[in-house]
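Trainee: structure for this input, please:
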Amino acid sequence: IAIVLPVLLVITSEHIGHQIVTSKIVGRDLLKDPGLHRSLFADNFSTMLSGFIGSVPTTTYGENIGVMAMTKVYSVYVIGGAAVLSIICSFIGKMTTLISTIPGPVIGGISFLLYGMIGASGIRILVDAQVDYGKSRNQAMTAVVFVTGLSGISVQLGSIQLTGMVLACVVGMIMGLAFYILDKLKLTNDRDE
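Mentor: Below is the predicted model:
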């Protein structure tokens, strides 16, 4: 449980981030309707059911958000249809073989675009929220979290290893808490009002 518990932080923060980004893309506040409590419950409940039948965790995926941002198609029916088509294709060997013939550079280019769209959507949220990058704390937090998440840095805490998004999430929370405490002690020169 101790080894898996940090993953819960990532799943929760990733889910909330995905809801915020998707809300911006589709122009509707998904944190209110259907509500964060409902979407988080569904995300975790589906993962639990998946685990009971020996399958992989089911969670929100940034790749899907990137596809929505690129195509401007937000229909639940289209996304559901794509999911059903993917499941059907996984059972047809010839389709799997056909997909595997796509050259690596093409898949790489698509991945660059998808993950770039996800990152750009995150930056858009910071810009829309009018985060003040005149404050060095905001620059430092953004830079440290980005580099921690993307660089492959790892931290070993006993038998638990934190890397990637898990470590970036923990580092972001620690930095936010540190800045909050420093503000309360009036030890910073760019305090939040």
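Trainee: from here on, contacts and neighbour counts on C-alpha atoms
Mentor: Fine.
Trainee: and the helices in the protein?
Mentor: 5-26, 36-52, 62-71, 76-90, 93-100, 104-128, 136-151, 164-184 (DSSP state H).
Trainee: what's the angle from the fourth one to helix 62-71?
Mentor: Computed by axes from the mean of the first three to the mean of the last three Cα atoms, to 10 degrees, the angle separating helix 76-90 from helix 62-71 equals 120 degrees.
Trainee: do the same with the last one
Mentor: Per the same axes, to 10 degrees, the angle that helix 164-184 makes with helix 62-71 is 90 degrees.
Trainee: output the contacting helices and strands for helix 164-184.
Mentor: For helix 164-184, the helices and strands in contact under the criterion 3 or more Cα pairs under 8 Å, 6 or more residues apart in numbering; DSSP states H and E are helix 5-26, helix 136-151, strand 154-157.
Trainee: now that helix: average pLDDT?
Mentor: Across helix 164-184, pLDDT averages out at 88.
Trainee: counting neighbours, which bits of it end up buried?
Mentor: By 16 or more other Cα atoms under 10 Å, the buried positions in helix 164-184 come out as 164, 165, 166, 167, 168, 169, 170, 171, 172, 175, 179, 183.
Trainee: low pLDDT regions in this protein?
Mentor: 3-4, 6-7, 62-63, 191-193 (pLDDT under 70).
Trainee: please name the residues that touch the residue most central in space within it.
Mentor: Centrality entry for the chain: nearest residue to the mean C-alpha point is residue 14, 3.7 Å, by Cα atoms, centre = their mean. Residue 14 makes contact with residue 60, according to Cα atoms under 8 Å, 6 or more residues apart in numbering.
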